[in-house]
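Q: here are the coordinates; sequence isn't available:
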């Protein structure tokens, strides 16, 4: 994955990607949070409209650990832009099944692949004793 360095000002590195090849399935891979995502640091800033205008059929994005397929209401033949989620939760707040997207032209399908899921539960501690008594 291509990633913008955190030591440099954010730049639109996707502009340097090659032009799409007519008749081929053109896939872009980019580490970004997309512009306007206040929950994540700015990496390789871009917008959904800019990525669509590049002419690729699919953009596989990383950095955001929640699954998202954009645009939400896309038309047939429109560029698919997706954050697949990561295959395994990295910390306690990343609950539930993790996975990847199995992309088959023209539509991605969710495919959980994690071997261990994190979850939350409540425990009643009333009536429990401490080690000392």
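A: Okay, I see it. Quantities reported herein were computed from a predicted structural model and do not represent experimental measurements.

Q: Would you state the helices of the chain in chain order?
A: 48-54 (DSSP state H).

Q: can you pull the pLDDT of residue 34?
A: In this model, residue 34 is scored at 80, pLDDT.

Q: so it sits right up against residue 47, yeah?
A: Yes: with contacts counted by CB atoms under 8 Å, residue 34 reaches residue 47, the gap being 6.6 Å. (C-beta placed from N, C-alpha, C; glycine too.)

Q: ok, these two, which is more surrounded?
A: Counted by other CB atoms under 10 Å, residue 34 and residue 47 do not tie: residue 34 has more neighbours, with 24 against 14.

Q: State the distance from the more buried one to residue 14.
A: 11 Å (CB to CB, to the nearest Å).

Q: Where does the prediction get shaky in this structure?
A: Along the chain, the model assigns pLDDT under 70 to residues 1-10, 36-43, 63-65, 67, 71, 73-74, 85-89, 105-111, 133.

Q: residue closest to the middle of it?
A: residue 83 (2.3 Å; CA atoms, centre = their mean).
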